[in-house]
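A.B. asks: the sequence and its predicted three-dimensional model are supplied below.
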Amino acid sequence: MRVITIHRLRVWALIGWCLCIMTGCVHQLQAIPAPESLKGSVVFGQIHVWQAEPSGRIFLPELASFEFIRQEGGARYRVEVEADTSWFAIPLEPGEYQVTRLIMREGEFRASAEVPLRFESPTQGLAYIGKWSIQVEAPNFRRELVVKVETAPTEALVELRLRYPRINLKQVVTRLAEPTIVRARLYEMTPYPRFRWFNRHNPT
């Protein structure tokens, strides 16, 4: 039986720390956190994914997650959504943030797009950053998506009140993410699903 020495543990800890610095640690966040987690400054909004054209795939697209960074310091965050229609409320430190990419999912298929949306977390209270309507093209070799930032605060406020009845809605401000329209290329991610699921693009 091998004995792991303190020296080896320190070496592995140092390697892990270096990898974390090089790749950038990502803070995992829930789209709808527990009530006790919703403290301080909060940004909230909605997600709606839709596809206008028919697809050869069994599953319709949905947003698996989105990632963003804090402009000051470069801290990275990932919000898990896993839905085509949802809303989110994220407690964040005050400051400016920028979305770096969206991860889309269609069953076992995944694809990513760089979508540079900018938004701001208030010094206190809640900021509504809009309804992100994500239109996804049918699978093709130059597939794209379009994100439109719309305003539908009433829907979001109703969800917020139902989920967090103690929250003070008098502190809500509207600060829509910018730009309000973004078009981006959608790149499929590996590994691809097993052959019985495999239909990367329409045959046309």
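C.D. replies: Done, it's in. Numbers count the residues shown, from 1 in each chain.

A.B. asks: quick check: the residue nearest the centre of the chain vs residue 83, distance?
C.D. replies: In the chain, the residue lying closest to the centroid (Cα atoms, centre = their mean) is residue 66, at 1.7 Å. Separation of residue 66 from residue 83 (Cβ to Cβ, to the nearest Å) stands at 12 Å. No exception for glycine: its C-beta is placed from N, CA and C like everyone else's.

A.B. asks: and for residue 165?
C.D. replies: As judged by Cβ to Cβ, residue 165 and residue 83 stand 23 Å apart.

A.B. asks: could you do residue 37 as well?
C.D. replies: Between residue 37 and residue 83 the distance is 19 Å, computed by Cβ to Cβ.

A.B. asks: ok, residue 148 next?
C.D. replies: Distance, residue 148 to residue 83, by Cβ to Cβ: 18 Å.

A.B. asks: now do residue 192
C.D. replies: Residue 192 sits 23 Å away from residue 83, going by Cβ to Cβ.

A.B. asks: and residue 55, by the same measure?
C.D. replies: Distance, residue 55 to residue 83, using Cβ to Cβ: 18 Å.

A.B. asks: for the protein, give me the ranges with low pLDDT.
C.D. replies: 1-24, 193-204 (pLDDT under 70).

A.B. asks: quick one: the strands in it, in order.
C.D. replies: Taking DSSP state E as the criterion, the chain contains strands spanning 26-30, 42-50, 62-70, 76-83, 85-91, 95-106, 109-113, 118-121, 126-136, 144-150, 172-174, 181-185, 187-188.

A.B. asks: hey, which of those is tucked in deepest?
C.D. replies: Stretch with highest mean neighbour count among those: strand 126-136 (a mean of 23; mean count of other Cβ atoms under 10 Å).
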